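J.: Kindly generate the corresponding structure for this input.
(2 chains)
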Amino acid sequence: MAVTKLFGAKVKRREDPRLITGKAIYTDDVKLPGLLHAAIVRSPHAHARIVGIDLSGARQTPGVVAVFTGADLAGKVGPLPCAWLIPNADLKTPPHPAIATDRVRYVGDAVAVVVAEDRYSARDGADRVKVDYAPLPVVTAAEQAVAGGAPLLHEQAPQNIAFRWKVTGGDAAAAFAQADAVISQRFVNQRLIANAMETRGAVADYNPNTGDLTLWVTSQNPHIHRVILSGVLGIPEHRLRVISPEVGGGFGSKIFVYPDEAIVAFCSRELGRPVKWVEDRRENYLVTAHGRDHVTDVALAVRRDGTLLGLRGRTYANLGAYLSTAAPGVPTILHGLMLSGAYVLPAIDYEVVGVFTNTAPVDAYRGAGRPEATYLVERLMDLAAGELGLDPIEIRRRNFIRKEQFPYTVVTGITYDSGDYEHALDTALRMLDYPAWRERQRRGPTDGKLIGIGACTYVEICGLGPSPVAGAVGFQGGLWGSAVIRVHPTGKVNVFIGEKPHGQGEETTFAQVVSDELGVPIDDVQVIYGDTAVTPMGWGTYGSRTTPVGAAACAVAARKIIEKGRKIAAHLLEAPEADVRFEGGRYFVEGAPSRAKTFQEVTLQAYLAWNLPPGLEPGMEASAFYDPPNFTYPFGTHLCTVEVDPETGGAAITNYIAVDDCGRAINPLIVDGQVHGGITQGMAQALWEAAVYDDRGQLLTGTMMDYAVPKASQVPLFVTARTETPSPHHPLGVKGVGETGTIASPAAVVNAVLDALRPLGIRHLDMPLTGNCIWNAIQQARMKTKGVSP
Amino acid sequence: MKRAITVTVNGVTHHHEVEPRLLLVHYLREVLGLTGTHIGCDTTSCGACTILFNGLTAKSCNLLAVQANGATILTVEGLAQDGRLHPIQEAFWEEHGLQCGFCTPGMMLSALQILARNPDPSEAEIRHGLDGNLCRCTGYQHIVNSVQNAARRLKAEAVPAIPVTATAQSAGGKGGR
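T.: So this is what the prediction gives:
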């Protein structure tokens, strides 16, 4: 490994100067000559037949240029594909038209688009599109949707079942037969809304003379957008350029290809003018993919001493009205395969039923399947500890996969690369002074508040790849990372990457890696991304994969540059190549450090090409397509203490400690930022956030005034620390950290609140644990103690 | 239908004829081309569109451009002066007070008002003061650190948090009636 000086340093982000001065260009900032604006007309009904559409009023609206319905798209815009075709699940993929023609299936389903000279006129026109709907019966909950007599969404999917998928390993029947105790619980993992601060948007610019389409889009993966939209629009991939400029957060929701982008592209192609559409927050809540929404009945078999024997259960995963791009993979591959958690668990027998309902499509949201798995496992550990009279920490410790057991293949079939779970746990316990908190809890409240202490020990699958595994699990793509490094004659460096950072700071971390590898100042390295016309094919940013696969690609490409330079340096220094060392940006002859050429001198010679070794091509450029040999498995322990006010039900977080092991941390400042943000999103699920539909399929939490995105005053101080267990198969030893906080914090917070409520006999509550939810539970518990039925 | 307005933005006075229904944020972004002010929610919840309006924070997606007639406005583009970042910008950069950066302009302008009222705010006062600005990336801790860092910088430099050009009130919104 190269001598590193920036690896591990808190380098200030290179992205920031443009962001803090207002100079950054997001999709809505893109302005083109002749630009038109689109407004999409959306169904107010969750389920209805379209009887007729009257466009006359819209067409007469001043400023309106064109109005299109689903009929206009026929033969020109294909249905949106699902791109995660999980095997062995009898997956049904009913067509998802960009604009509904005969029937709408959720509130927000597109029925028409109005294009006008400015966005106000487009809105005026949209308001004057008259649609005659014949409402149909509605179902919004997954379990109800599979029950007899429920309204059917798609003829192709009887009982509204999109798939049934099983994960089995070991002998679960035997495990349950020999158990000393069986802990059963029903868990609801509520539906969430991603809430990127920037809503989605797209600007399409079709050139009728060349057939080229340029599409600016809020995307976490412009190359995936290009390949999918190429098929949907029938535009050859080399004629379609996708640019995702600055992206204001995604959290998963900007991975997917939505109808809106295809609609905007269609409008531009029809009209021969650029067209912009930008979602408002109301639309964002209605149509941008939601997350989670599981209902699970699960049972855990344990021995008296706390040893885990087996787990079985069934999850109903609400997928919404249509299959979003990656939807089937989230509750199955990313959830079901992680049900072992950090533990030796000999048997699993588990089914996931994916279900269509009259709600917005559900897909990956930060953590994507892994928070749901961790929540189940970590709640079960606490319930088991309570039933067996064990300390919740002790039951975890007794079941950990031990560090000498890695690489360790869990019963679901995946192999964890490395770990030291006990070290992370002990670090967190020490930071909190766990015994002191238990003692404080035992002494009882002095001010009437109930004290709770919650733990979550998690392991995460990330650094998604390798590609053959992606193929084996039905993901319709590869999962490698890419980098092209172009060193210019003056020794300045451009790094082009296929991944698409959107707030995580990889522009800085990748520059750190390349600067270290090449021994050049970081200011000489510029990282470029987000434009399919200039960057190498890449699979995007999600699943905490950008640093594990993208930084690896950067390192591998840089090492290829060094090797080419070594040939040139050896030639110039008239020394055998094997004797030429590279260190600190210089090539020199082993044992004769003054016989040296700088990296810059060698690069210049590579371009002048006056005196290169025979057969060597001029130039200094290298590319790497890094396909990881395995996933990476970050892990850690989060601890949380809460005070619950029994009079109000309010739960206040008094300590939050996160010990994460993401392998080697390239930039600790950025890692901390990722962890803080992740914890906050998971904490918000535990305590505040929920997307709520009424029985008619109307989204009741339809604006930021109704949906509880946390504010600064609601969030505590976080205390973070890291242990470091490098991934053994990664060139830099890194694992990924973007989702750890969201994976760990829901269980840590919920375990803490229920620990506080345990003396009242409250065993479990479903998220979000709002003041109202806790207060009601306390009242019911008190009435039960008094012998009064609630 | 159009109304004439005169608005001073970041020290520059503009005269325009605008539709009465034009939102101030669209006036700033699309008429003046100052795209640093962002639109996040349309319901005054998120604060991405926060500007200083006659020296006080305001959410520009819930004001009409005609209401700004005669007003003095500061947007994120007016923070850096003479090629030098404002202390609040330096502080956000140093403390990693942003990730995707979309909320950041509004966040910094709210922070300036906090510091203008109280040059030495406690952590709780900062968090309370930022409640009108949502950030989905950071978990706020680094933002709070940034505001504290800015407070130290402003004190050391002995300069007012809000640039003088942003508070010079002219017609005070009387015009255009």
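J.: for the residue positioned nearest the centre of chain B, what are its contacts?
T.: Most central in chain B under Cα atoms, centre = their mean is B:Ile51, positioned 2.8 Å from the mean C-alpha point. Taking Cβ atoms under 8 Å, 6 or more residues apart in numbering or on different chains as the definition of contact, the neighbours of B:Ile51 are B:Leu24, B:Leu28, B:Thr37, B:Thr57, B:Ala58, B:Ser60, B:Ile73, B:Leu74, B:Thr75, B:Gly106, B:Leu109. For glycine as for every other residue, the C-beta is placed from the backbone atoms N, C-alpha and C.
J.: could you give me the average pLDDT of the helix or strand harbouring it?
T.: Element membership of B:Ile51 [criterion: DSSP states H and E] is strand B:50-53. Across strand B:50-53, the average pLDDT comes to 98.
J.: Please name the strands paired to it in the sheet, noting orientation.
T.: According to DSSP bridges, strand B:50-53 has the following sheet partners: strand B:56-59 (antiparallel), strand B:72-74 (antiparallel).
J.: so where is the chain shaky, pLDDT-wise?
T.: Let's take chain A. Scanning chain A for pLDDT under 70 picks out the ranges A:1-4, A:788-790.
J.: Actually, chain B is the one I wanted.
T.: Ranges of chain B meeting pLDDT under 70: B:168-177.
J.: ok, residues contacting the top helix by length along chain B?
T.: Scanning chain B for the longest helix, with DSSP state H as the assignment, gives helix B:141-157. Helix B:141-157 is contacted from outside by A:672-673, A:676, A:712, A:715, A:717-718, B:87-88, B:90-92, B:94-98, B:107, B:111, B:114-115, B:119-121, B:123, B:126-127, B:130, B:135, B:160-161, using Cβ under 8 Å, 6+ apart.
J.: Is it possible to mark the buried ones in those residues?
T.: Of the members of those, the ones counted as buried by neighbours, 16 or more other Cβ atoms under 10 Å in any protein chain shown, are A:672-673, A:676, A:712, A:715, A:718, B:87-88, B:90-92, B:94-98, B:107, B:111, B:114-115, B:121, B:126-127, B:130, B:135, B:161.
J.: Tabulate the strands paired with strand B:50-53 (CSV), appending mean neighbour count.
T.: Conversion of the strands paired with strand B:50-53 to CSV gives the following (neighbours: other Cβ atoms under 10 Å in any protein chain shown):
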stretch, mean neighbour count
strand B:56-59, 20
strand B:72-74, 25
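J.: Where does the stretch 451-600 of chain A get nearest to chain B, residue-wise?
T.: Of the residues in the stretch 451-600 of chain A, the one nearest chain B is A:Gly503, at a distance of 3.0 Å by Cβ to the nearest Cβ.
J.: List the contacts of the residue nearest to that residue when sequence neighbours are not counted.
T.: Here the nearest residue to A:Gly503 in space, its sequence neighbours aside, is B:Cys100; by Cβ to Cβ, 6 or more residues apart in numbering or on different chains that works out to 3.0 Å. For B:Cys100, the set of contacting residues under the criterion of Cβ under 8 Å, 6+ apart consists of A:Leu19, A:Ala196, A:Met197, A:Glu198, A:Glu246, A:Val247, A:Gly248, A:Gly249, A:His502, A:Gly503, B:Arg136, B:Cys137.
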